[in-house]
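J.: build me a model from this:
(2 chains)
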Amino acid sequence: MTSPLEVSLLEVSIDELKHLVSERALSGETVLLNMGPQHPSTHGVLRLLLELDGEIVINCIPDIGFLHTGIEKTMESKRYEQAEVMTDRLDYLNTVGNNFVYCLAVEKLAGLDVPPRAQAIRVILAELQRISSHLVWLGTHALDLAAMSTFLYCFREREQILDVLEMCSGQRMMTTYFRPGGLWRDVPADFEITVRRFLRTFPKRVDEYEALLTNNPIFLDRTKNIGVISGPDALAWGVTGPSLRGSGPDYDVRKVYPYSGYEQYNFVVPTATGGDVFSRYIVRIEEMRQSTSIVQQALDKLPPGPVRSSNRKYVPPPRAEIGVSMEALIHHFKLWTEGFSLPKGSVYLPVESPRGELGVYLESNGGPKAQRAHYRTPSFAHLQALPLLSKGRLVADLVGIVGSLDIVLGDADR
Amino acid sequence: MDWFLILEWVIKAVILLLFLTAGFAYVTLFERKVLARIQVRIGPNRAGPQGVLQPIADAVKLIFKEELSPKDADKVIFMLAPVITVIPALVITAAVPWGRSINLFGREIALGITDLNVAALYILAVTSISVYGITLAGWASNNKYAMMGGLRASAQMISYELGLGLAFVPPILLAGSMSLVDHVETQAAMGIIRWWLYQPLGPIIFLIACIAEVNRAPFDMPEAEQELASGYHVEYSGMKFALFFMAEYIKMICVSMIGATVFFGGYLGPFVDQFPILGPVYLFIKVVGILFWMVWVRATSPRIRYDRLMAFGWKIMLPAALFNLTFTAVLVLLTGA
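T.: Sure thing, here's the model as predicted:
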């Protein structure tokens, strides 16, 4: 039992928040409300300190760090191939994408080539992951607005995608399936059938979600002209991904800086002009359709061949080779005992994650461990824009706005 | 004094109370099952066959939960609020008839507790009391979320009760009485289609208002789990929470009974003239139908924003209800019904 004195020491006094809230909060005219970190619709452990006038949000102060796990720092003490396992845990809805960008960065520093088959499979899985992440977003966003059934429908489809990930990597979420230089192993034989089965049913399911929400007057009422951000504002605040494209600009890393063969696929970058919650919703719904089409194209022209680079300095030799080749045995031993070293230098490489521009910065001092590993995460940038979006709105709208930004706290806090 | 009459009342009251409390338990199961079906799930199926014992398991859990009350809560009001909410819910249906009278042990027994001559007024008055419970719960909890929930509840009540109250007036005009028995008998005489034609918007307004009355989705602003983290009952636990829960589900049954009686023919149905005992069965079926509709709405509809509900209540429901009332009044005057 803490004494009253101790409690008052633990509590933050209003003086410490003076610079963040308006004058009226000091006189008690407005109410300070602590929303989160334990709250049903802050999507994890986000804390929002709200200054309310009735139910109108005067000030919204996001407070992050409750899910800080020190992943970036830990990555510096792990060898490159070990550090990749940490990246799965960043944005837990986009685990494949986190591995993807990390592998691309390592490959760029090492100058590794990735076989075309591995590139295509990477694209397929990354796009499936994008769909699954958007499904979680759609489900939770609809749930925030109390349309509870959509949530369960979305998770039904997400399950199929997680099954695909499981059959490839043995893991549903923390896959670590992409490795520097390619993939851990080739996809299983029934991979194509399973993915095609999903592709057949999925477009109809997206139509069903739209039937439930897109023309629903209550949903429109809750989303149109709410949380509006203009295109230039969004760019200035570092908003990327669907949240940016909902405001007009069509910046998409897959088109602007294509990677892993995205230039071969035919897809459009959906945009909307409203800049409100509804525009962001429409963009993401359309993105699910586009991703389906990308997966379809990649699957149709999936080339045969190896899925790992043959550069044995970075990529372990196949199991069969170890038994017959002395050199392979040595490479295997070296890779599993001391890892590979990257040449001195630094690299920043972005990919388009479901949430926006996900970039990784790696700095190598020539050793087997990164000097500095840093992730540029979209959720972190999007949270900056939250006060701007929510000012003057109702608490009920705030919930929708937070949902429409599609934040993942693991992504923001790292 | 007829002692048998008192005994009859007591028995009927006990039957109604038991029906409502047991009904409450099974409405929760019904809702969970229906929601599960709509959402491609299975729903509770562990406790007993098809989960029929689930409500009992829930009740046992809630009874044995620790009762917490916040440090600076207003203890007395905090205790009283759930009671204030649940008692009106239990007594509302006293004025609702279950059927015509039957002959039992040589006595003429009316199905229904009482044929109150001011039933419509009684129902409106009693349902309005329970909002005090919600508002006081929000106030007494000493919690900002609960407080906002309580305030929303009172704002909401002012908005929809006008429409609800006015939806009751055309049936009164048509039946020439406030008694629900007269309402049903007028429906029997007029035919249900004519009953609706005389008040085209009445049933719709009533159905919308009754969802708001029981604070259910899409009008569950006082709870608003996603915004207010369950609103007015956020600080309640154990049996006190169960009472709020009970009030909500019993009120669901009550408004369904009232709606079925006033707008959907109550205990009327085929062969009810020959076998009056079928009356309660028909009423039950209609109540289940309305309950199913409420669950269905909850499963599909997002929550409306509370300022929008107020605008809706004042700008759409009230004019619509007034139009409906005028329409009925003019028609009654012209046809002399």
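J.: quick check: buried residues in stretch A:404-412?
T.: A:404-412 (16 or more other CB atoms under 10 Å in any protein chain shown). The C-beta positions use only the backbone N, C-alpha and C, and glycine is treated the same way.
J.: taking the stretch 201-337 of chain B, what residue is nearest to chain A?
T.: In the stretch 201-337 of chain B, the residue found nearest to chain A is B:Arg303; the distance is 3.6 Å by CB to the nearest CB.
J.: shaky segments in the chain?
T.: If you meant another chain, say so; for now it's chain A. Along chain A, the model assigns pLDDT under 70 to residues A:1-17.
J.: nope, chain B
T.: The model of chain B has pLDDT under 70 over residues B:1, B:222, B:224-226, B:336-337.
J.: what does it put close to chain A?
T.: Neighbours of chain A within chain B, by CB under 8 Å from any CB of the partner chain: B:35, B:38-41, B:144-145, B:148, B:217-218, B:220, B:224-229, B:298-308.
J.: and if we set it to 6 Å?
T.: Within reach of chain A by CB under 6 Å from any CB of the partner chain, chain B has these residues: B:38-40, B:144, B:217-218, B:225-227, B:229, B:299, B:301-305, B:308.
J.: would you map the strands across the chain?
T.: The chain I'm using is chain A. For chain A, the strands defined by DSSP state E occupy A:31-35, A:47-53, A:56-63, A:178-179, A:182-183, A:345-353, A:356-364, A:370-376.
J.: switch to chain B, please.
T.: Going by DSSP E, chain B shows strands at B:102-104, B:107-109.
J.: so which bits of the last one are buried?
T.: Using 16+ other CB under 10 Å as the burial criterion, the residues of strand B:107-109 that qualify are B:Ile109.
J.: partners of it in the sheet?
T.: Neighbouring strands of strand B:107-109 in its sheet, by DSSP bridges, are strand B:102-104 (antiparallel).
J.: which residues touch the partner strand?
T.: For strand B:102-104, the surrounding residues in contact (CB atoms under 6 Å, 6 or more residues apart in numbering or on different chains) are B:109, B:276-277.
J.: can you lay out those residues as CSV showing distance to A:Met35?
T.: CSV is the format used below for the contacts of strand B:102-104 (distance: CB to CB, whole Å):
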residue, distance to A:Met35
B:Ile109, 56
B:Pro276, 56
B:Ile277, 55
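J.: any idea how far the closest residue to A:Gly367 other than its chain neighbours is from chain B?
T.: Leaving out its chain neighbours, the residue that sits closest to A:Gly367 by CB to CB, 6 or more residues apart in numbering or on different chains is A:Ser341, at 5.6 Å. Noted for A:Ser341: a distance of 50 Å to chain B, by CB to the nearest CB, to the nearest Å.
J.: out of the strands of chain B, which comes closest to A:Pro306?
T.: Comparing these against A:Pro306 with CB to CB, the closest turns out to be strand B:102-104 (84.7 Å).
J.: for that closest one, what is the distance to the chain centroid?
T.: Counting by CA atoms, centre = their mean, to the nearest Å, strand B:102-104 is centred 29 Å from the centre of its parent chain.
J.: do the same with stretch A:165-173
T.: With CA atoms, centre = their mean, you get 18 Å for stretch A:165-173.
J.: cool, and stretch B:300-318?
T.: How far stretch B:300-318 lies from its chain's middle: 19 Å, per CA atoms, centre = their mean.
J.: could I get the contacting residues of residue 263?
T.: Answering for chain A, as no chain was given. Contacts of A:Glu263 (CB under 6 Å, 6+ apart): none.
J.: hm, I was asking about chain B
T.: Contact analysis of B:Phe263 by CB under 6 Å, 6+ apart lists B:203, B:206.
J.: how about whatever residue of chain A ends up closest to chain B, nearest residue that isn't a chain neighbour?
T.: Nearest to chain B, among the residues of chain A, is A:Ala146, at 3.6 Å (CB to the nearest CB). Once flanking residues are discounted, A:Ala146 sits nearest to B:Arg303: 3.6 Å by CB to CB, 6+ apart.
J.: correct me if wrong: that neighbour contacts A:Met148.
T.: No - counting by CB atoms under 6 Å, B:Arg303 stays clear of A:Met148, with 9.8 Å between them.
J.: who has more neighbours out of the two?
T.: Taking other CB atoms under 10 Å in any protein chain shown, B:Arg303 and A:Met148 do not tie; B:Arg303 has more neighbours (28 against 22).
J.: just give me the neighbour total for residue 56.
T.: Since you didn't name a chain, this refers to chain A. Neighbours around A:Ile56, by other CB under 10 Å: 16.
J.: nope, chain B
T.: Number of residues near B:Ile56 (other CB under 10 Å) recorded here: 13.
J.: what's the distance between it and B:Phe244?
T.: B:Ile56 is 19 Å from B:Phe244, where distance means CB to CB, to the nearest Å.
J.: check contacts around A:Glu76.
T.: Counting by CB under 6 Å, 6+ apart, A:Glu76 touches A:Ala370.
J.: so how far is A:Leu335 from it?
T.: 20 Å.
J.: one more: A:Trp184?
T.: 14 Å.
J.: between these two, who's got more neighbours?
T.: Here A:Trp184 and A:Leu335 are compared on neighbour count by other CB under 10 Å; more neighbours surround A:Leu335, at 19 against 15.
J.: surely that one meets A:Pro316?
T.: Yes - with contact defined as CB under 6 Å, A:Leu335 reaches A:Pro316; the gap is 5.0 Å.
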